[in-house]
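below are the sequence and a predicted model for it; my questions follow.
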Protein chains: 2
Amino acid sequence: LLEINIDSLKEKLKSFSNFGKTEGGGVSRLLFTKPEIEARNEFCRRMEKIGAEICTDDMGNIYATIKGNEDLPAIVTGSHCDSVVKGGNYDGILGVLAAMEVLETIVKEDIYHRHPITAIIWTNEEGVRFDPVMMGSGVVAGKFSREDILKAKDTEGITFEEALKNSGFLGQKENRLKPENTLANLELHIEQGPVLEMEEKSIGVLEGVIGMLNYAITLKGRAGHAGTVPMKYRKDAFLAASNALIYLHDKLKDFPEDLVFTNGQVFCHPNVNTVIADEFTFIVDARHKDPEVIKRLEEVIKNMPKEFNGCKLSYKKQWTRDTVKFNEKIVEIVENSTKALGYDYKKMYSGPGHDSQYIADIIPTSMIFVPSKDGDSHCEWEYTSLSDCHRGVNVLLHSILKLDNEDRL
Amino acid sequence: LLEINIDSLKEKLKSFSNFGKTEGGGVSRLLFTKPEIEARNEFCRRMEKIGAEICTDDMGNIYATIKGNEDLPAIVTGSHCDSVVKGGNYDGILGVLAAMEVLETIVKEDIYHRHPITAIIWTNEEGVRFDPVMMGSGVVAGKFSREDILKAKDTEGITFEEALKNSGFLGQKENRLKPENTLANLELHIEQGPVLEMEEKSIGVLEGVIGMLNYAITLKGRAGHAGTVPMKYRKDAFLAASNALIYLHDKLKDFPEDLVFTNGQVFCHPNVNTVIADEFTFIVDARHKDPEVIKRLEEVIKNMPKEFNGCKLSYKKQWTRDTVKFNEKIVEIVENSTKALGYDYKKMYSGPGHDSQYIADIIPTSMIFVPSKDGDSHCEWEYTSLSDCHRGVNVLLHSILKLDNEDRL
């Protein structure tokens, strides 16, 4: 079976890792900063070289399209090239390089294809320089109003509108990805979790992006000097938060095993060793593919005891996200391509959000995952082996070629 | 019974609150900064005015002495005039103003006294600008070597030695407080806790400063993305720390009710809501007057389970302090003075450390507490009512006059 050229992929990973390279071996490539613009320009230069047509839309999303042999809607693939501060060499950029590799392979090997095939760079997936995350795909999918988004400001007070204009990538609204001229969207991404590695699978065949909730739970106690306030008079917010946390974890026993429940962020006030904490907040980030499970968990949070250890409990919903189901036909095509290539795979849901989660709302979509070493991402040591990357791009290529046989999904 | 002049005390509190006044109504008066030096100069100016002899020692501690009618060792009283950043108008300074008030009253009322009486400002009690706390009294009591202390640096790299030289308060080593020419030391201070207020007492008669331990307890887990790592693979350091905290609190049931046990400071790493905490540390600050209780608690900490929720537990002793017992004769004299004045009082131990805790090692010592509103201190809203301050200074005056009858303690 045809495989993409591993050396070509290796060269791409190496070349693009120079855009925003950090001392620690990762990248800092924030939206529309010099290194991010360099990466965009390099993408355009290479895509033009193989004869692709380049255009950008009014969000700065870039589309590089090679024509098909018939007048049909396009098959699109891509990801983002912005990163977090001191991020890694795979998150986002791998999906862009994979798209380029697929287009280059099809052109070089002169593979017959009926549909146009488009490689995409989505604008501001990470949401680090401008809030919110997944801005480019979000506007295209109708999740955000462009007018609101234009006003977003970075920490230096520069608006997204100014940054977009100055970037040179501001294009026309009519260039936006549209359902009427798009057959399918397929994105390759790193897993950003340990499941594939732990289960020794090379490929994740994505069925969707799981729903989530994010709540802040706060316990309010009373401050006092560590050396003086008798225990019986105390309202210790940290002790109360610990009991509230354990209360929630006990409740998890009634929930499906694949619910993930994380409390990675805490705020302790005043956080001084000689002062009893008068306020302690922890974040609940919970995710599950079944919206009913998320709803049930919300009920548990809302029905928590109003008091722990004399401290008043309050909760604040920060956001929720509904589960997104990917197109079953595409999932089946990806699964079959993976099988045909002989790779071990796992059908799974994504925990993190991705551009494809928004695009799935308007265009038949799925995703492919490759393993993340130790599950680490958003860090300089983020790593996926070259052979895993290679397998991922091979699955992407064959899935796109199989999708090319379809007229409707 | 003779009382000190409440208007004079009120004026002092108001005048000295101007040295380092903050917008929030408190003071920022760090050691040897302009406002702290102004407070010292004002102390000297006022004490010279009543005929006191001023000298400083090689730590910048200031002694203002009015002669007695006999050639006897001195009775000393005082506290510190430095504050924390955005501290209050009572912590430390009240003890200095009280000492001044006592000397002024004795001089103005021409009260016969056999012993010299000395008002003292101790250098760097708070330890905010230079570490450690209670530096001036600590060197005098032989707790620290002066040579080591001189090397202490503030955040701008200025050494204590330089700051001391530039302050104008560097004096001779032979001026240090010495057991051979000192009969007794008595310090008035705010409680910095809520006990007196809660029990509706005006005066705390101090029997000592309770011993304490300070340990850091750390749980090491494993990081991972909130959306991907299945619960069964997790090592969540925050959850583990919560269980460890509750384990410790359960053990407290076997300890005396007057053990205080505080966990006011936590460190969560990386403290990001989408990342499982891989390290969580909390501080244990525990205090009790009986050294055996502190020792027993240390054993509990050392014998904690080595693991909670799959996370390795480790502990680190940061420091311990032995219980200091004050001189029983002085405690009795303070109690009798308080009774004679008709004030409600409580015999108690101090939780926080004070200069007198070090001085107690070389000179017969005790302390007097006045209530802190809501137990708050080290904050701009720290408050003790003028009438409580007045009562405290009256007890100090009468206790010193009673001590004056003694030849040996």
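Looks like it arrived, so ask away.

ok, residue A:160 - contacts?
A:124, A:130, A:135, A:149-154 (CB atoms under 8 Å, 6 or more residues apart in numbering or on different chains). Quick note: C-beta positions are derived from backbone N, CA and C, even for glycine.

please redo it, this time with the cut-off set to 6 Å
A:130, A:150, A:152 (CB atoms under 6 Å, 6 or more residues apart in numbering or on different chains).

give me phi/psi at residue A:199?
phi -90, psi 10 (degrees, to the nearest 10).

where does it land on pLDDT?
On the pLDDT scale, residue A:199 is placed at 92.

quick check: closest non-adjacent residue to it.
residue A:346 (6.0 Å; CB to CB, 6 or more residues apart in numbering or on different chains).

in the one helix or strand that neighbour maps to, what counts as buried?
Secondary structure assigned from DSSP states H and E places residue A:346 in strand A:345-350. Residues of strand A:345-350 classed as buried by neighbour count (16 or more other CB atoms under 10 Å in any protein chain shown): A:345-346, A:348-350.

name the helices or strands packed onto that strand?
Contacts defined by 3 or more CB pairs under 6 Å, 6 or more residues apart in numbering or on different chains; DSSP states H and E place strand A:345-350 against strand A:203-209.

could you dump the buried residues of strand A:345-350 to CSV with pLDDT?
Shown next, in CSV, are those (pLDDT from 0 to 100):
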residue, pLDDT
A:345, 98
A:346, 97
A:348, 95
A:349, 94
A:350, 93
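
nearest to residue A:226 among those residues?
Taking CB to CB as the measure, residue A:226 lies nearest residue A:350 of the buried residues of strand A:345-350, at 45.3 Å.

who does the residue lying closest to that closest one once chain neighbours are set aside form a beta bridge with?
Using CB to CB, 6+ apart and skipping the chain neighbours, the partner closest in space to residue A:350 is residue A:209 (4.5 Å). Taking DSSP bridges as the rule, residue A:209 bridges to residue A:324, residue A:350.

please tell me I have it right and residue A:209 contacts residue A:359.
No: taking contacts as CB atoms under 6 Å, residue A:209 lies outside contact range of residue A:359: 11.0 Å.

element containing residue A:102?
Assigned by DSSP H and E, residue A:102 belongs to helix A:93-108.

likewise for residue A:157?
With DSSP H and E as the test, residue A:157 turns up in no helix or strand.

how far away is it from residue A:163?
11 Å (CB to CB, to the nearest Å).

still on that earlier bit, would you mark the buried spots in the helix holding residue A:102?
Buried, per 16+ other CB under 10 Å, within helix A:93-108: A:93-107.

hang on, the earlier thing: contacts for the strand holding residue A:346?
A:199, A:201, A:203-210, A:289, A:338.

and the worst-scoring helix or strand of chain A on mean pLDDT, how far from the chain's centre?
Ranking every helix and strand in chain A by mean pLDDT, DSSP states H and E puts helix A:195-198 at the bottom, with a mean of 91. In terms of CA atoms, centre = their mean, to the nearest Å, the centre of helix A:195-198 is set 18 Å apart from its chain centre.

cool, stretch A:79-89 as well?
11 Å.

avg pLDDT for that stretch?
Mean predicted lDDT for stretch A:79-89 stands at 95.

got the contacts of strand A:345-350 as a markdown table, with distance to residue B:295 and neighbour count columns?
Output for those, formatted as a markdown table (distance: CB to CB, whole Å; neighbours: other CB atoms under 10 Å in any protein chain shown):
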| residue | distance to residue B:295 | neighbour count |
| --- | --- | --- |
| A:199 | 50 | 13 |
| A:201 | 54 | 22 |
| A:203 | 59 | 29 |
| A:204 | 55 | 28 |
| A:205 | 60 | 26 |
| A:206 | 58 | 28 |
| A:207 | 59 | 22 |
| A:208 | 58 | 21 |
| A:209 | 55 | 27 |
| A:210 | 51 | 29 |
| A:289 | 54 | 21 |
| A:338 | 63 | 26 |
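
residues from chain A in reach of chain B?
A:192-194, A:224-229, A:238, A:242, A:245-246, A:262-266, A:268, A:271-273, A:275-277, A:283, A:285, A:287, A:351-352, A:375 (CB under 6 Å from any CB of the partner chain).

of the buried residues of helix A:93-108, closest to residue B:63?
Closest to residue B:63, out of all of those and judged by CB to CB, is residue A:93, at 70.3 Å.

next up, phi/psi of the nearest residue to residue A:160 once chain neighbours are set aside, please.
Ranked by CB to CB, 6+ apart and with sequence neighbours excluded, the top spatial neighbour of residue A:160 is residue A:152, at 4.3 Å. Here is the backbone geometry of residue A:152 (degrees, to the nearest 10): phi -50, psi 140.

quick one, what contacts residue A:152?
Residue A:152 touches A:130-131, A:160, counting by CB under 6 Å, 6+ apart.

which ones among these are found in helices?
residue A:160 (DSSP state H).

and of the contacts of residue A:152, the nearest to chain B?
Nearest to chain B among the contacts of residue A:152, counting by CB to the nearest CB, is residue A:131 at 14.8 Å.

got the contact list for that closest one?
residue A:152.
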